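Engineer: coordinates for the following, if possible.
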Amino acid sequence: AGAGAAMLAALQHKDAGRVREAYDAYTRVLAQAPSELAYIRRALLSQADATLPPTAAADVAAARPLVSDHSKTVTHFALAATEAGVKAGRYGEVLADCADAARRGVDDDAVHFNCGRSRMMDSLSRGMRRQITPEERDRGYAAALAELRRAKKLNPALAPKVEPLEKQLESLLAPKTAA
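Structural biologist: Numbering: from 1, shown residues only. Next up is the predicted model:
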């Protein structure tokens, strides 16, 4: 069977809930004819199911040079890249992927959510290590808050995940009173 047949089989397996078979079919596709779509879909499967091999980061890296600005997979790539970075705690890399997604016009709830969380964690971490000024840290918090609110606006079902982060950011941004 060719790469096209393996790709179709992967989609059918995924739709039927057979994630291991779908993952294996994408692996066969990639062995025959590496494609951005197969890398992205395998990365998303790997991230979603802990029983699958942890290939998401490698798949994202392999897909990165294949995704053009005009590709139909730009949003899926942004999702896979930001999820892989968040999972690995590589917030700086996620922010680079967020900037790239924004440049490409990606407006996806999950991508905004990943970008907002990463911006929050990056600003918090860099602020604690005194790598940025308090003003830069607060700009990062404000940008994170905006990203998270955009995610919630695009997908109100994200509210239970977004609202605790919103409250935390609002608290961090609240004017400080002199002690």
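
Engineer: spatially central, which residue of the protein would that be?
Structural biologist: Centroid check for the chain by CA atoms, centre = their mean gives residue 82 as the closest residue, at 2.2 Å.

Engineer: any regions of the chain where pLDDT drops low?
Structural biologist: Applying pLDDT under 70 to the chain picks out residues 1, 178-179.

Engineer: mind giving me the packing neighbours of the host helix or strand of residue 135?
Structural biologist: Residue 135 is part of helix 134-154 when elements are defined by DSSP states H and E. Helices and strands touching helix 134-154, by 3 or more CB pairs under 8 Å, 6 or more residues apart in numbering; DSSP states H and E, are helix 109-128, helix 159-173. Backbone N, C-alpha and C define where each C-beta goes, glycine included.

Engineer: pretty sure residue 41 sits against residue 26.
Structural biologist: Yes - counting by CB atoms under 8 Å, residue 41 does reach residue 26; the two are 5.7 Å apart.

Engineer: which residues do these two both contact?
Structural biologist: Common contacts of residue 41 and residue 26 (CB atoms under 8 Å, 6 or more residues apart in numbering): residue 10.

Engineer: those two: which has the busier surroundings?
Structural biologist: residue 26 (30 against 25; other CB atoms under 10 Å).

Engineer: mind checking how far that one is from residue 63?
Structural biologist: As judged by CB to CB, to the nearest Å, residue 26 and residue 63 stand 12 Å apart.

Engineer: by how many degrees do the helix holding residue 135 and helix 109-128 diverge?
Structural biologist: Counting by axes from the mean of the first three to the mean of the last three CA atoms, to 10 degrees, helix 134-154 lies at 160 degrees to helix 109-128.

Engineer: quick one: buried residues of helix 134-154?
Structural biologist: Going by neighbour count (16 or more other CB atoms under 10 Å), the buried part of helix 134-154 is 137-138, 140-141, 143-145, 147-152.

Engineer: okay if I get the residues you listed as JSON lines plus distance to residue 128?
Structural biologist: Listed next are these as JSON lines, based on distance: CB to CB, whole Å:
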{"residue": "137", "distance to residue 128": "9"}
{"residue": "138", "distance to residue 128": "14"}
{"residue": "140", "distance to residue 128": "12"}
{"residue": "141", "distance to residue 128": "13"}
{"residue": "143", "distance to residue 128": "18"}
{"residue": "144", "distance to residue 128": "15"}
{"residue": "145", "distance to residue 128": "18"}
{"residue": "147", "distance to residue 128": "20"}
{"residue": "148", "distance to residue 128": "20"}
{"residue": "149", "distance to residue 128": "24"}
{"residue": "150", "distance to residue 128": "26"}
{"residue": "151", "distance to residue 128": "25"}
{"residue": "152", "distance to residue 128": "26"}
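
Engineer: perfect, that will be all.
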